[in-house]
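> dropping a prediction and its sequence here:
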Amino acid sequence: MSTRTTRISLAACLAGAVAPWLLGGTAFAAPDNDLTQVAVIALPASTTPPAPGGLNSFDIGFVDPAIHTYVLADRTNKAVDVVDTKTNTFTKYLQANFVGNCADVVPSGVPASFCTNASGPNGVIISDHKEVWATDAPPFKCTAGPPAACTLTGTSSVKVIDLKTENFITIDTGGNKRTDELCEDPRHEVVLAANNAPSDNFLTFISTETHKILGKITFDGKDPRGDKILANGIEQCQWNPRDEKFYLAVPDIGGSNGAVLVISTSDRSMSRKSLRSRRPPAAQARPVWRSALITRFSLAAAERMR
């Protein structure tokens, strides 16, 4: 294996889990000098030859402070990268037949639209301090042609990987595009995962005990469990221990307003819309509705945008 490495920076803000899109432009912003780089961590090449350009495609990172572990959805290496936050060192790659970065593998001549929402891993969390849950896009195969073409050979999924043994299972979520962000209700042992592409537009509830799918909500404008909402984009969810509900950021509903949706774990349906907002210009919409963080800080910041 090549000794070529890629470096990533680990900042002291990781353990704080403060959403950077909420820091700018509000009365609650923290001074920039509160954030300090504490390490630069080398990632060994996972393929021979190494991927061109080093680490060129990655998505969500997640910290479990109880086990001093940071994980990163690394599409370039088709893996979840594991970092020890006590020693600030790379530990290992967790591989689970991830699709990887679609644009790196499709042949020339395949329409660029094929790779939209077609890479993985994407979202990642650690459940019960022992399992890494990472989302993935449908697998596909390609022919060089002419004409060059790619076809799906499966559907979207969530991969559950044992941190110690590295064994994994695949939970089929049934989408034609990627399963993206996810979050966990640890009290009821349920993970909520989102397929955010317009062709899918649904949520999946999965048991962390049995790894079985418990139910779905579709935001196609017809599903009563989703209040017949037609969503344009689904962003990061969070679980609120105070009311035991999921909070889900949706930047656009029916082409106009965005909202944070409040979703019940018990009956797996939407209970209400919260913090409904006049939709700001596109350049500002994403920072506001990117994540539903359940803190007094973020709620106050969101209220300021009403």
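Ah, there it is. Numbers count the residues shown, from 1 in each chain.
> same question for stretch 141-150, mean pLDDT?
Mean pLDDT, stretch 141-150: 93.
> check the separation of the first and last residues in that stretch.
One end of stretch 141-150 sits 6 Å from the other (Cα to Cα, to the nearest Å).
> to the chain's geometric centre, what's the distance from it?
Its chain's C-alpha centre and that of stretch 141-150 lie 29 Å apart, by Cα atoms, centre = their mean, to the nearest Å.
> likewise for stretch 258-276?
Put simply, stretch 258-276 sits 19 Å off its chain's centre (Cα atoms, centre = their mean).
> stretch 188-199 now?
On Cα atoms, centre = their mean, the centre of stretch 188-199 falls 10 Å from the chain's centre.
> repeat for stretch 203-214
Here stretch 203-214 is found 17 Å from its chain centre; the criterion is Cα atoms, centre = their mean.
> for it, the averaged confidence score.
Mean pLDDT, stretch 203-214: 98.
> residues in contact with it: which ones?
Applying Cβ atoms under 8 Å, 6 or more residues apart in numbering, the contact partners of stretch 203-214 are 127-128, 131, 158, 160, 169, 171, 173-174, 179, 184, 189-195, 215-219, 226, 234, 248, 263, 265, 268. Quick note: C-beta positions are derived from backbone N, CA and C, even for glycine.
> now swap in stretch 239-248 and tell me
In contact with stretch 239-248 (Cβ under 8 Å, 6+ apart) are residues 183-188, 192, 194, 203, 234-235, 237-238, 260-265, 271, 274, 292, 294.
> partner residues bridging the spatially closest residue to Arg268 that is not a sequence neighbour?
Closest residue in space to Arg268, ignoring its immediate chain neighbours: Gly215 at 4.0 Å, by Cβ to Cβ, 6 or more residues apart in numbering. Listed by DSSP bridges, the beta-bridge partners for Gly215 are Phe205.
> show me what contacts Gly215?
Contacts of Gly215 (Cβ under 8 Å, 6+ apart): 204-205, 225, 268.
> wait, which of those is closest to Pro139?
Thr204 (17.9 Å; Cβ to Cβ).
> what's the local residue count around the closest residue in space to Asp220 that isn't next to it in sequence?
Distance criterion Cβ to Cβ, 6+ apart; nearest residue to Asp220, sequence neighbours excluded, is Asn201 at 5.8 Å. The local packing of Asn201 (other Cβ atoms under 10 Å) involves 24 other residues.
> so who does Asn201 touch?
Asn201 touches 195, 218-220, 231, 234, counting by Cβ under 8 Å, 6+ apart.
> PyMOL command to pick out the buried ones of those?
Listed next is the PyMOL selection for buried residues among these, using 16 or more other Cβ atoms under 10 Å:
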select buried, resi 195+218+219+231+234
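> ok, which stretches of the stretch 1-150 of the chain are helices?
102-105 (DSSP state H, counting those that start in this stretch).
> low-confidence stretches in it?
1-33, 47-53 (pLDDT under 70).
> where along it do the strands fall?
In the stretch 1-150 of the chain, the strands defined using DSSP state E, counting those that start in this stretch lie at 5-11, 37-44, 58-64, 69-74, 79-84, 89-94, 124-127, 131-136, 140-143, 149-152.
> ok, now the stretch 201-306 of the chain?
In the stretch 201-306 of the chain, the strands defined using DSSP E, counting those that start in this stretch lie at 202-207, 213-218, 237-240, 245-250, 258-264, 269-277.
> ok, Val105 - contacts?
Going by Cβ under 8 Å, 6+ apart, Val105 touches Cys142.
> hang on, the earlier thing: so for Ala118, which of the strands of the stretch 1-150 of the chain sits nearest?
For the strands of the stretch 1-150 of the chain, the distance to Ala118 is smallest for strand 140-143, at 7.4 Å, taking Cβ to Cβ.
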